[in-house]
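S.K.: How does the following fold in three dimensions:
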Amino acid sequence: MTLNWQLKSGSWFLSAMKPVSRSEKNPVMLSAEKPFKAINTSLEVQLKINKEYSESLNDTKTPEYKEFELEFKTEMSSVYSNVPGYKDVEILSIRKGSIVVDHKVIAEVEIKEDINVTEEYKTILEQVKIDLTAEKDNCTGKLCIADILELKQVEPPSINDLCETRIPEGFRRFYSPLLTSEGLTCVSFCEPKSSKYENCNGGKCEIQQHIGPKCFCPNTDQYIYTSPKCTGRISKLGVYGGIGTAICLLIIIIITGAFFLVRTMRKKSCEENELFDDKDEKYVKYGISSLYTQLEDGEENSSWRTWFSKGEFRPSLEKIDPSIKVKIKRPETVRQFSTFN
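M.R.: Predicted coordinates:
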């Protein structure tokens, strides 16, 4: 049985893991998920023991070392019995002088919303000092403490450190620790319990690696959402119907406008033709008719002139009187003589 962190519903839990039988085709890990309820704290202690040193104690494989390790752990379990959460001791090194033993004292601290880990660690440290001093002054076991050489604190990890070191890379900054009466959980920004909760308004929230929380809105085949957080839902059927109606109205407006434009142009063209026909009828009684003929202001027998632009010149022969004789005066030649002096 091993411990590992597992993701469930956007939160990370410390879980007990049990491998599946190797006979299965696709081995997986079954987990009994539970909140992280405690952490191990430690402090390093250096003691001088009144016992003769042997070189064989430098080799952890020798019978002498194993015998001394068992004897030391048994003795220290009795010494540290009053330490809150005491679990074990771990020998770090052994050296000459009588015997100097560097070891680690391991104690467990509960993690709950009403427990301060730092204060609990200080209590453990003080109790270790008390127990060692008492044993030194009054040795009752096989191994007697000659001197307490050193006692070193090892700062326990914070709940933030626990979440940052246990959550996979790329996801860490999107999770925060949450202390409850059940213990410690690392909740994602997709969880309503998080102080940075990403509300997806009925959609599904997922943490994407290096990106963070993302909302997946429901029924996207039927609706359009105006916000990435699944707000402003609009029916696709209504949108497509509105677009179709707008296109139809635009087509009707274009066709109607084109109809009235053509009608206006035709009306203007007919009026211009009627104007030119009136001018021709007005001037045909003078015997000359043209599409572009204009009289001077005045009586009918006043002088007139004609400008030709377009059209044709048409003589009106039915208005000519052939009985009228036209007399043309013979031209005279005028000579002018110059006198030279």
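
S.K.: Tell me the confidence at residue 340?
M.R.: With respect to pLDDT, residue 340 has a value of 47.

S.K.: do residue 280 as well
M.R.: Residue 280 is given a pLDDT of 51.

S.K.: now residue 312
M.R.: 52.

S.K.: Residue 262 too?
M.R.: Reported pLDDT for residue 262: 84.

S.K.: Then the one 10 residues further on?
M.R.: Residue-level confidence at residue 272 comes out at 61, pLDDT.

S.K.: C-alpha coordinates for stretch 106-121, PDB please?
M.R.: The C-alpha trace of stretch 106-121 is given here as PDB (Å, rounded to 0.1, in the frame of the first residue of the first chain):
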ATOM      1  CA  ILE A 106       9.600  12.000  13.800                       C
ATOM      2  CA  ALA A 107       6.200  13.300  15.100                       C
ATOM      3  CA  GLU A 108       2.900  13.600  13.400                       C
ATOM      4  CA  VAL A 109       0.800  16.800  13.500                       C
ATOM      5  CA  GLU A 110      -2.900  16.900  12.600                       C
ATOM      6  CA  ILE A 111      -4.000  19.300   9.900                       C
ATOM      7  CA  LYS A 112      -7.400  20.800  10.700                       C
ATOM      8  CA  GLU A 113      -9.000  24.200  10.400                       C
ATOM      9  CA  ASP A 114      -8.700  24.700  14.200                       C
ATOM     10  CA  ILE A 115      -5.100  23.500  14.600                       C
ATOM     11  CA  ASN A 116      -2.000  25.700  14.100                       C
ATOM     12  CA  VAL A 117       0.800  23.500  12.700                       C
ATOM     13  CA  THR A 118       3.500  25.900  13.800                       C
ATOM     14  CA  GLU A 119       2.300  26.100  17.400                       C
ATOM     15  CA  GLU A 120       2.000  22.300  17.500                       C
ATOM     16  CA  TYR A 121       5.600  21.900  16.300                       C
END
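
S.K.: What lies in contact with that stretch?
M.R.: 36-42, 83-90, 124, 153, 156, 158-159, 179-181, 183-184 (CB atoms under 8 Å, 6 or more residues apart in numbering). C-betas here are computed from N, CA, C, even on glycine.

S.K.: Go ahead and build a ChimeraX selection from the buried members of those.
M.R.: For the buried members of the contacts of stretch 106-121, the matching ChimeraX selection, counting by 16 or more other CB atoms under 10 Å, is:
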select :36,38,39,41,42,83,85,86,88,89,124,156,159,179,183,184
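
S.K.: Could you pull out the strands in the stretch 101-250 of the chain for me?
M.R.: 145-154, 175-180, 183-188, 204-208, 212-216, 223-225, 233-235 (DSSP state E, counting those that start in this stretch).

S.K.: So which of those strands is the most surrounded?
M.R.: strand 183-188 (a mean of 23; mean count of other CB atoms under 10 Å).

S.K.: Packing partners of that one?
M.R.: strand 11-19, helix 159-166, strand 175-180 (3 or more CB pairs under 8 Å, 6 or more residues apart in numbering; DSSP states H and E).

S.K.: Could you tell me the least trusted of these?
M.R.: Among these, strand 11-19 carries the lowest mean pLDDT (a mean of 41).

S.K.: Tell me how many other residues crowd residue 140.
M.R.: 10 (other CB atoms under 10 Å).

S.K.: cool, residue 196 as well?
M.R.: Neighbour tally, residue 196, other CB under 10 Å: 14.

S.K.: how near is the nearest residue to residue 129 once chain neighbours are set aside to residue 134?
M.R.: Counting by CB to CB, 6 or more residues apart in numbering, residue 129 lies nearest to residue 151, which is 6.6 Å off, once chain neighbours are set aside. Applying CB to CB, to the nearest Å, the value for residue 151 to residue 134 is 14 Å.
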